[in-house]
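[1] Got a predicted structure here, sequence first:
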Amino acid sequence: MSLNSSSQRRPLMAANWKMYKTIPQAEAFLKEFLPAVANVNDVDVVLCPAMVALAPVSQLLSGTQVALGAQNMNENEEGAFTGEISGAMLTSVGCKYVIIGHSERRQFFGETDASVNKKILAALKHNLVPIVCVGETLAERDANQTLQVVGRQVRAGLANIPSAETKKLVIAYEPVWAIGTGRTATPAQAQEVHLAIRDILKDQYGSLTSLAIRILYGGSVKPENIAELMACEDIDGGLIGGASLKPDSFGSIVKFRSASTPSASR
Ligand code: PGA
């Protein structure tokens, strides 16, 4: 696929704060971050704080162009599921997005392609945009199974999505070996998988829809490498962990178009 298609997709930069930042720490971040990105209107920006910080962060984001996301949700409507949080709860606190199937949830909390699929369907039902995470482990990459593993995760994770909802989906390709390791996939490695994902989407939903769906890259994204990743045709944004915890580094990532990145890049 050689169409120059990336221009029709609006870039999306999502901060995944994982289990970092208390409420006061989240508030201190926003005090610096919001003024720094106030003039950015050509990129969608999403903050995904810990559940406990959703409400105060939501208040501080109101009236800004920055959207709120959660890091996980339960697939059930409501019920006796101690410690869980539902789609209705997330929308009631102001969430627009929800990260689904992050590799840490697959690795430490037993999430599978089947549970990821249920969560995606539940998120869409509540009008939340799911940011669906896929990615291979180092052993899988070394065994040349990357495209097979990611293909399976995409096909099984996205089973039975109502066709009216497919354009809304956001996929995040996050090679597990690149998460929190400082070892980013090269732009060529990332582009290869992004293109393979887009080809699967084309197969399942047709060309137009596949060209509308945003595919983010995640795994040691930082101000120094965001521009070269974003220059790849099928990379439409980033899901950022470590580098999203500081207002200046996440701010530079959001402003990747204008940022004069520190010289130590590559
Ligand atoms: P990282 O995390 O940017 O710290 O590698 C990305 C993620 O896990 O979403």
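    Yep, that arrived. Remember, predicted model here, so these are calculated numbers, not experimental data. Residues are numbered from 1 along each chain as shown.

[2] a helix runs through Leu201, doesn't it?
    Yes - using DSSP: H, G, I helix; E, B strand; the rest coil, the secondary structure at Leu201 is a helix.

[3] Was I right to think it contacts Thr209?
    Yes - counting by C-beta atoms under 8 Å, Leu201 touches Thr209, with 6.8 Å between them. C-beta coordinates here come from the backbone N, C-alpha and C atoms, glycine included.

[4] Which neighbours do these two have in common?
    Each of Thr166 lies in contact with both Leu201 and Thr209 under the rule C-beta atoms under 8 Å, 6 or more residues apart in numbering.

[5] So for the two, which residue has more residues nearby?
    Higher neighbour count among Leu201 and Thr209: Leu201, with 22 against 15, using other C-beta atoms under 10 Å.

[6] Quick check: that one vs Leu158, distance?
    Plainly put, Leu201 is 8 Å away from Leu158 if you go by C-beta to C-beta, to the nearest Å.

[7] repeat for Gln204
    Noted for Gln204: a distance of 7 Å to Leu158, by C-beta to C-beta.

[8] The two: which is more packed in?
    Ranked by neighbour count (other C-beta under 10 Å), Gln204 and Leu158 place Leu158 first, with 24 against 16.

[9] Now do the contacts for the residue nearest to Glu228 when sequence neighbours are not counted.
    Spatial nearest neighbour of Glu228, excluding adjacent residues (C-beta to C-beta, 6 or more residues apart in numbering): Pro187 at 5.1 Å. Contacts for Pro187 were tallied using C-beta under 8 Å, 6+ apart; they are Glu228, Leu229, Ala231, Cys232, Ile235.

[10] looking at these, which has the most residues close by?
    Neighbour counts for these, by other C-beta under 10 Å, peak at Ile235, which reaches 25 neighbours.

[11] could you measure that residue against Val43, distance?
    Between Ile235 and Val43 the computed distance is 13 Å (C-beta to C-beta).

[12] How about the stretch 151-266 of the chain: which residue is closest to the ligand?
    Gly241 (2.4 Å; C-beta to the nearest ligand atom).
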